[in-house]
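**Q** Sequence first, predicted coordinates after that:
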Amino acid sequence: MIATTHPLPTVEPIRVPGVAWLAVAVAVFVVYLMLQENGALLASSWNTLHELFHDGRHALGVPCH
């Protein structure tokens, strides 16, 4: 019987572009606004935007009252 050796596969790190990290940061901020914003971050002049996020929470089934 002949013993054969197989080279171990090399593991290379995955390079993530900076734009992808920026997209993740923006997505996290939007998720925060969508699920948690109750007027603390958005000023009263942004009432329409607040109501949009409020309705979005109800559409997703997230309790907010």
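**A** Received the coordinates, thanks.
**Q** make it CA atoms for all contacts and neighbour counts henceforth
**A** OK.
**Q** residue ranges with poor pLDDT in this structure?
**A** Along the chain, segments meeting pLDDT under 70 span 1, 37-46, 64-65.
**Q** pull the longest helix from it.
**A** helix 18-36 (DSSP state H).
**Q** gap between it and the chain center?
**A** Relative to its chain's centre, helix 18-36 lies at 5 Å (Cα atoms, centre = their mean, to the nearest Å).
**Q** buried set for it?
**A** 33, 34, 35, 36 (16 or more other Cα atoms under 10 Å).
**Q** now the angle between helix 18-36 and whichever helix or strand comes after it, please.
**A** As assigned by DSSP states H and E, the chain's next helix or strand after helix 18-36 is helix 47-60. With axes from the mean of the first three to the mean of the last three Cα atoms, to 10 degrees defining the directions, helix 47-60 sits at 80 degrees from helix 18-36.
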